[in-house]
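A.B. asks: here is my input, please return the structure:
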Amino acid sequence: EQTTDFDRVALVAIASGASPHTFGTTRPIETMLERQLPDGSFPQKPSQKQGWVNATAWSIFPLSTIETPPAEAAVAKAAQWLIANQRTDGGWGWGAGGDAGLVDADTTGAVIQALNAAGLHDTEAERKAFELLATMQGPDGGFRLHYDPGITEAFRSGRVYNVSLWTYWDAITCPTSSLK
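C.D. replies: Next up, the predicted model:
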C-alpha cells in the first residue's frame, strides 16, 4: 500500500471523528511515522529510499492534527524537507523534489497548504510559490496543465492498437501520469 493510502484513511478517520491511530484494520498514523525517511520526506511506496513531494505533503495533513511529540517532530521535519526541495522556479512537482520533473499547480498548491498546516505561514517559500502560480493561471482563473509534450512521441507514427501496459504498472518507481 502506498503512503498516500494511509494519509487518506487518516484524513477520513479525522473527518468522521474516529481515531486515526486505529481505523478499521489499519494503523494509519503509526504507519506514516514508520515510513518517514531520515531526511524528513515520505516515500510513495514503503520500499523506496527517496521521498516524494506528493507523499510528504499529504502526510503532513493528518499528522499535523496529532498533538504528540513524534507527530509534531515528523511534521516539522517534513515541512523543512519540502522547503529544501522547492524548485528554483518556486513550485513543486509530484515526485522526488528539486528541479527534477515538471512543476504543477496542484502539487504546488498542496505544498502551500501543507506548510500552513505545519504552522509555516507567510514564508519565502510560500511567496515564491504564489508568484509562480500567478504565472500559471489562465485568463479564466483556472490553471493550465503542465506535462511533457514528448510523452506522445511514441504514438505519432500511426495508431497503436491493443496495448496493455498494466503488467508494467507496479514496476514503475517514478512519478507517473496516464493520459487517455
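
A.B. asks: going forward, measure contacts between C-alpha atoms and count neighbours the same way
C.D. replies: OK.

A.B. asks: run the chain-centre distance for the strand or helix carrying E72.
C.D. replies: In the assignment (DSSP states H and E), E72 maps to helix 69-84. How far helix 69-84 lies from its chain's middle: 14 Å, per C-alpha atoms, centre = their mean, to the nearest Å.

A.B. asks: give me the mean pLDDT for that helix.
C.D. replies: Mean per-residue pLDDT for helix 69-84: 97.

A.B. asks: mind saving the C-alpha coords of it as CSV?
C.D. replies: C-alpha atoms of helix 69-84 as CSV (Å, rounded to 0.1, in the frame of the first residue of the first chain):
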residue,chain,number,x,y,z
PRO,A,69,5.9,14.8,20.2
PRO,A,70,6.6,12.2,17.5
ALA,A,71,3.9,13.5,15.1
GLU,A,72,4.9,17.2,15.7
ALA,A,73,8.6,16.3,15.0
ALA,A,74,7.6,14.4,11.9
VAL,A,75,5.6,17.4,10.6
ALA,A,76,8.4,19.9,11.3
LYS,A,77,11.0,17.7,9.6
ALA,A,78,8.7,17.0,6.6
ALA,A,79,7.9,20.7,6.2
GLN,A,80,11.6,21.5,6.2
TRP,A,81,12.2,18.9,3.5
LEU,A,82,9.5,20.4,1.3
ILE,A,83,11.1,23.8,1.6
ALA,A,84,14.5,22.4,0.8
